[in-house]
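> below is the sequence, then the predicted model.
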Amino acid sequence: MVDTKSPGDKTLSVPSKTLTLKPRVETGTVRQSFSHGRTKQVVVEKRGKRRVGGDGPVTETHAPEPVVAKVAPAAPAKPAPSRPAPAAPRSGSGVVLRTLTEDERSARASALADAKVREIEERRLAEEEAKRRSSKEGIEQAEREAAEARRKAEEERHRIEEEAKRKAEVEAKKRFGEAEAKAAGAAAAPGRPGTVTTRPATARPGGARPASPAAPAARAPGVASDGSDDDEAPRTIRRGPGGAARPVVAPKPTQKPGPQKERGRLTLVTALNADDVRERSIASFRRRTQRLKGHASNEPKEKIVREVTIPEAITIQELANRMTERAVDVIRLLMKQGAMHKITDVIDADTAQLIAEEMGHSVKRVAASDVEEGLFDVVDDSTDTEPRSPVVTVMGHVDHGKTSLLDALRHANVVSGEAGGITQHIGAYQVTSPESGKKITFIDTPGHAAFTAMRARGAKVTDIVILVVAADDGVMPQTIEAINHAKAAKVPMIVAINKIDKPDAKAERVRTELLQHEVQVESFGGDVVDVEVSAKNKTNLDKLLEMIALQAELLDLKTNSERPAEGTVIEAKLDRGRGPVATVLVQRGTLKVGDIIVAGAEMGRVRALISDQGDNIAEAGPSVPVEVLGFNGPPEAGDRLAVVENEARARQVTSYRAHQKRENAAASISGMRGSLEQMMSQLKTAGRKEFPLIVKADVQGSLEAILGSLEKLGTDEVAARILHAGVGGISESDVTLAEGFNAAIIGFSVRANKEAAAAAKRNGIEIRYYNIIYDLVDDIKKAMSGLLAPTLRETMLGNAQILEVFNISKVGKVAGCRVTDGTVERGANVRLIRDNVVVHEGKLSTLKRFKDEVKEVQSGQECGMAFENYGDMRPGDVIECYRVETIQRSL
């Protein structure tokens, strides 16, 4: 309260209000209604905006309030102060004004600033709301305009369709008559708006009321209510009370109000434009008309006869699709034949052919192997042929000088590169004859007994066989095998008697031994050419080349080099830097870089061709041996190579061959039931021991020879089990496989990489390296011999006869014996024979002579014997003493 003194000693009391920035709030209650009759009373507050005007100092003004006048009691007079306090300022209405402090001014200023900021923010929000409202109105206006445009377009489309329908009706009336036109018109556009007519009002008999106008009477366009074909139907006229005629409103149609049912399929466009009503199109109307005509005619359709391609096995669904018949009809036909099938069942080609012919179709039978048709041995009708080089295979026994003879012809030194001085790889080379200048292709084959398959491959691809026989050694087993290969291939043979420079050379003995195998040389009146040569001294080499050229001239070797190439894989290997590499002898056509080739179950594109001299060449003609790079994997030695037109054909051929290869492998592993002999042999081999091995070789031919040799080592008791065999170096996966089966790893002319060697050392897996096939086969033979059960052999030592049996305490029964023949040893095996029947077998525990333990007792001496764990001995029994020896067996 602020107190002041008036001149009449009266005190004025003026209440002062606290300054505040709270907005003025008006509150009230409103009852809010919800669904289902529910209500709720809520409190509503109405807040007013505070407006501040002017830039002068802010003061707080109190509204005038009633002044309370109080009469103060009389008080003693006080002396006046020397300086009276200044009186508070007053307003004209008698209200006391008070100046604000600094804190109040700063608070008021900050409040005003906040108010200004709020006002600016509210103004901005209001402007944004106005813009949003205006944009929304613009969008709604655009949508209204678009809807209006769609409506106009729809009306225009309806008008065009109505015109088209009217033309179709007129055309149908001209073609099919008036009755069918009415039916077509009624079916095409039933209940079109704007064409509803009513029958003229007529009085019922007996004074009945006229028909109610509410009865619906929808009519087709252009057809009156009485069935006439007038353009304008008569209108119902009703008279009023004054006689004035007034038209009667047409009755309402029977159709329910609302949009008609949409027609057509549901697409994205129709889903988005759901408001648009679709009507029947002209194409739909034409289809309906044709359907009506088809039902009217009911003419049977002509059956289409097709050529059905039937493979070895086909499903019923696929067969029905190829015949364009219903699968139900195919199953019905099978049921008539007594076979119950489902639509997904697979039937054989014979059954499918019977069904197709029963249904009137022609059949073309195909097989899975048809993909190889036209791949090899295509008849060449071209007359543009040219001479080709002869292919000569050098064959003979091991160490008879085949490779040395070729080195002398090629002026090379291949022998020095072969381990052990023997050829273990098949090789192909070209030599130019010094006299004629023509090229001759030589194929060098190994002479070891394990390389039979290599010699067979060489004989298949050759034109001439050179049989090399050492003059100091004569005809040997592999020589006889080479003769048989040449006879089987039906190729001419030239006998080269080598090593005539040795002092013990006997060429006549070689010719005589060849007669035993039906090889008669020219000097003995036969037709086989023989030449005595020396590879070491290069004697008669020119004569040998001359004989080869003469024989090739007699054969008249010609071919067409412009056709796609065909050839044979002589050898294949997996090179670490170049990938799969195959040595191929081209037999027909020309092989070029970039050709798509197929060999066995492998395919590829030729990336490079390398000659026997190591040079890159662009193409290889007939009778040219080359190394081919570009296969997906190393093919098998002996596979035939062919060039195909595209990769799709190559994939078909290789997939079929790979499938056949897997099926053959599965059939060999599964051990299907065969004859009784096969079942008995399986029972014999069921309990035999296996020696697990992993074999890696440098080339396919060597791997094939090693596997054949190991297979021959097997017996009924032990056999080699090849877990994995491949071409290339020993990898870490090979070591992992060997660890799982506790197998040994054999590497022939290959080595293990760093990771594989470390893994083998860590896991204790043995890796053995070989370069000579002799050593490999011998070591495996010894290792497999260790798995054989040893043989037990009995060696008789002597006999003794029991004279008396003594029962000694703490020892048991002791037999007093006399040795009749031989000797008796302590610890030896003994048999107790009574009446020529063995009653006990065991060992001697005690052998004494007098009171001393002895090792043996000679014939004619007496001794005491005791058996281990046996005491039923009687006088007169015979003791037979023998020793069991263990003898290790070998393969």
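Thanks, I have the structure now.
> quick one: low-confidence parts of the stretch 451-600 of the chain?
The model of the stretch 451-600 of the chain has pLDDT under 70 over residues 451-452, 454-455, 458.
> all helices for it, in order.
Taking DSSP state H, counting those that start in this stretch, the helices of the stretch 451-600 of the chain run over residues 452-460, 477-489, 507-515, 541-555.
> which one of these lies nearest to A744?
Nearest of those to A744, taken as CB to CB: helix 452-460 at 24.3 Å. (Each C-beta comes from the backbone N, C-alpha and C, glycine too.)
> biggest helix in the protein, by residue count?
Counting residues, the longest helix found in the chain (DSSP state H) is helix 102-176.
> packing partners of that one?
helix 178-188, helix 282-297 (3 or more CB pairs under 8 Å, 6 or more residues apart in numbering; DSSP states H and E).
> redo that, cut-off 6 Å
Helix 102-176 is packed against helix 178-188, with contacts defined by 3 or more CB pairs under 6 Å, 6 or more residues apart in numbering; DSSP states H and E.
> can you name the residues bridging to T432?
K439 (DSSP bridges).
> need the pLDDT of it.
If you check T432, the pLDDT there is 80.
> so it makes contact with K439?
Yes: using CB atoms under 6 Å, T432 is in contact with K439, at 5.4 Å.
> right, so of the helices of the stretch 451-600 of the chain, which gets closest to G842?
The nearest among these, by CB to CB, is helix 477-489 at 52.8 Å.
> tell me what angle the closest one forms with helix 507-515.
Orientation check (axes from the mean of the first three to the mean of the last three CA atoms, to 10 degrees): helix 477-489 against helix 507-515 gives 50 degrees.
> mind listing what's buried in the host helix or strand of R607?
Following DSSP states H and E, one finds R607 within strand 602-610. Within strand 602-610, the residues that count as buried by 16 or more other CB atoms under 10 Å are 602-604, 606, 609-610.
> same question for stretch 340-351.
Under the neighbour-count criterion of 16+ other CB under 10 Å, stretch 340-351 has 341, 347, 349, 351 buried.
> run through who's touching that stretch.
310, 312-313, 315-317, 327, 331, 334 (CB atoms under 6 Å, 6 or more residues apart in numbering).
> mind checking which of these are in strands?
When the contacts of stretch 340-351 are checked against strands (DSSP state E), the matches are 310, 313, 315.
> count of neighbours near the first one?
Okay, so that is I310. Residues lying near I310 (other CB atoms under 10 Å) number 22.
> against A582, how distant is the closest residue to it other than its chain neighbours?
Nearest residue to I310, sequence neighbours excluded (CB to CB, 6 or more residues apart in numbering): A352, at 4.8 Å. Distance, A352 to A582, using CB to CB, to the nearest Å: 41 Å.
> same check on R874?
Taking CB to CB, one finds R874 at 82 Å from A582.
> compare the two and say which is more crowded by neighbours.
A582 (29 against 11).
> which strand residues bridge that one?
Assigned bridge partners for A582, using DSSP bridges, are A572, V628.
> OK, contacts around it?
A582 neighbours (CB under 6 Å, 6+ apart): 569, 572, 628, 635.
> how about low-confidence regions in the stretch 51-200 of the chain?
51-98, 176-200.
> could you redo the last one with a cut-off of 50?
53-96, 181, 187-200 (pLDDT under 50).
> neighbour count and distance to I466 for the contacts of A582 - can I get that in a markdown table?
Written out in a markdown table, the entries for the contacts of A582 read as follows (neighbours: other CB atoms under 10 Å; distance: CB to CB, whole Å):
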| residue | neighbour count | distance to I466 |
| --- | --- | --- |
| V569 | 26 | 22 |
| A572 | 28 | 25 |
| V628 | 28 | 26 |
| P635 | 26 | 27 |
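> I'd like those residues laid out as TSV, including distance to K506.
As requested, the contacts of A582 are exported to TSV (distance: CB to CB, whole Å):
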residue	distance to K506
V569	40
A572	41
V628	45
P635	44
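> just give me the closest of those residues to G589.
V628 (14.0 Å).
> from N616, how far out is the closest one?
V628 is 12 Å from N616, where distance means CB to CB.
> reformat the buried residues of strand 602-610 as CSV; add pLDDT.
Listed next are these as CSV, based on pLDDT from 0 to 100:
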residue, pLDDT
E602, 91
M603, 91
G604, 92
V606, 93
L609, 92
I610, 90
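> returning to that earlier point: could you say what helices and strands the strand holding R607 packs with?
Helices and strands in packing contact with strand 602-610 are listed as strand 616-617, strand 625-631; criterion 3+ CB pairs under 6 Å, 6+ apart.
> what residue lies at the spatial centre of the chain?
Residue closest to the average C-alpha location in the chain (CA atoms, centre = their mean): S655, at 13.1 Å.
> want to try CSV for the helices of the stretch 451-600 of the chain, with distance to E104 and mean neighbour count as columns?
Formatted as CSV, the helices of the stretch 451-600 of the chain follow (distance: least, CB to CB, whole Å; neighbours: other CB atoms under 10 Å):
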stretch, distance to E104, mean neighbour count
helix 452-460, 117, 22
helix 477-489, 126, 19
helix 507-515, 140, 18
helix 541-555, 130, 16
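> quick one: closest of the ones you listed to G708.
helix 452-460 (7.0 Å).
> what is A815 paired to in the beta sheet?
Here A815, judged by DSSP bridges, has bridge partners V805, M865.
> how about the strands in the stretch 651-800 of the chain?
Along the stretch 651-800 of the chain, counting by DSSP state E, counting those that start in this stretch, strands occupy 689-697, 718-727, 744-748, 767-770, 791-808.
> with just CA atoms, put the second one into CSV.
Only the C-alpha atoms of strand 718-727 are listed here, as CSV (Å, rounded to 0.1, in the frame of the first residue of the first chain):
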residue,chain,number,x,y,z
VAL,A,718,44.9,-107.0,-50.5
ALA,A,719,44.4,-104.3,-53.2
ALA,A,720,45.2,-100.7,-53.8
ARG,A,721,42.4,-98.3,-53.3
ILE,A,722,42.8,-95.1,-55.4
LEU,A,723,41.0,-92.3,-53.6
HIS,A,724,41.9,-89.7,-56.1
ALA,A,725,44.0,-89.6,-59.3
GLY,A,726,44.7,-86.5,-61.3
VAL,A,727,47.1,-84.5,-63.5
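> so that strand versus strand 744-748, what angle?
50 degrees.
> got a list of contacts for strand 718-727?
Contacts of strand 718-727 (CB under 6 Å, 6+ apart): 573-574, 634, 689-696, 700, 703, 707, 710, 737, 741, 743, 784, 787-788.
> that'll do, ta.
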